[in-house]
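Enquirer: attaching a predicted model along with its sequence, questions to come.
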Amino acid sequence: MKDASSNSAAKKAAGEAAAELVRNGMVVGLGTGSTVAWTIKRLGERVREEDLDFCGVPTSFQAEQLAIESNIRLTSLNQHPVLDLAIDGADQVDINLMVIKGGGAAHTREKVVSCSAKWFVIVADQSKFVERLTWPVPVEVIPIAFRLTGRRLEELGGKPVLRQGLRKDGPVITDNGNFVMDVDFGTIEDPRSLAAKISLIPGVVEHGIFDNLDELYLARAGGMERIKRALR
Ligand SMILES: O=C(CO)[C@H](O)[C@H](O)COP(=O)(O)O
């Protein structure tokens, strides 16, 4: 579920800009995907060049491996239940800063990590910023529930598709050992209400609608725009 048209220079610009938010002593959630990978690599450079001293909490196997390669010290939510900051990518962000994540099937951990942070930043290129959300909502489900969960998602007006592996027969298996359904709801008029309804379906582990974004680093053609949520 990746958007192949996304501009890679813009992803790099947004990802690297957000790396400047990290200060000595912070504990920082490290997101998953190709945009935030630039943040993690830039943080690795800052560790080498400036002796930046911080700890990361990875949101996936991918983020963990990249952080290890970048010589970033890692910790866990058990050791540090409250993070100073979390930085991640997104599949779509709307003008009210509602977000769809999970293109990399990591949204369950990404949600737990971002909700543990005092400040949650998303890095994205302009193609992700939309008036209203239309991206199919990734829903992680436990394997035995996928038929039931699929029916219930249809009752909510969605068209669920079980995400298939690449170079693997059968479904994608998440880092938590579950399946992911991508559910097309067309244009989502009320993301909060839809999120609440999906959460009630038996077998759903987590869905990819996020309402906890604090600040968007958006790489536009004219430069970086930082959009902050009004105080909650
Ligand atoms: O939610 C995610 C992974 O679950 C990613 O952050 C999202 O898919 C964006 O990825 P990319 O930066 O590669 O476009």
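Expert: It's in.
Enquirer: up against the ligand, what does the protein have?
Expert: 6, 31-35, 88-91, 101-107, 110 (Cβ under 6 Å from any ligand atom). From N, CA and C alone the C-beta is placed, and that goes for glycine too.
Enquirer: switch the cut-off to 5 Å
Expert: 32-35, 89, 91, 101-104, 106 (Cβ under 5 Å from any ligand atom).
Enquirer: among those residues, which ones are in helices?
Expert: Counting by DSSP state H, the residues of the chain next to the ligand place 34-35 in helices.
Enquirer: would you mind giving the residues of the chain next to the ligand as CSV with pLDDT added?
Expert: Output for the residues of the chain next to the ligand, formatted as CSV (pLDDT from 0 to 100):
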residue, pLDDT
32, 98
33, 98
34, 97
35, 98
89, 98
91, 98
101, 98
102, 98
103, 98
104, 97
106, 98
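Enquirer: out of the residues of the chain next to the ligand, who's nearest residue 45?
Expert: Comparing those against residue 45 with Cβ to Cβ picks out residue 35 as the nearest, at 16.7 Å.
Enquirer: doesn't residue 14 make contact with the closest one?
Expert: Yes: assessed by Cβ atoms under 8 Å, residue 35 is found in contact with residue 14 at 6.0 Å.
Enquirer: what do the two both touch?
Expert: 123-125 (Cβ atoms under 8 Å, 6 or more residues apart in numbering).
Enquirer: how close does residue 142 sit to the ligand?
Expert: Applying Cβ to the nearest ligand atom, to the nearest Å, the value for residue 142 to the ligand is 18 Å.
Enquirer: which residues touch that residue?
Expert: 178-179, 203, 205.
Enquirer: top of the residues you listed by neighbour count?
Expert: When neighbours are counted by other Cβ atoms under 10 Å, residue 179 leads the contacts of residue 142 with 24 neighbours.
Enquirer: does that residue have beta-bridge partners, and which?
Expert: For residue 179, the beta-bridge partners are residue 141 (DSSP bridges).
Enquirer: same deal with residue 85?
Expert: Per DSSP bridges, residues listed as beta-bridge partners of residue 85: residue 28.
Enquirer: does residue 161 sit in a helix, a strand or a coil?
Expert: strand (DSSP: H, G, I helix; E, B strand; the rest coil).
Enquirer: in this structure it contacts residue 136, no?
Expert: Yes: assessed by Cβ under 8 Å, residue 161 is found in contact with residue 136 at 7.5 Å.
Enquirer: the two: which is more packed in?
Expert: Per other Cβ under 10 Å, whichever of residue 161 and residue 136 has more neighbours is residue 136, with 23 against 14.
Enquirer: roughly how far is stretch 45-59 from the heart of the chain?
Expert: 20 Å (Cα atoms, centre = their mean, to the nearest Å).
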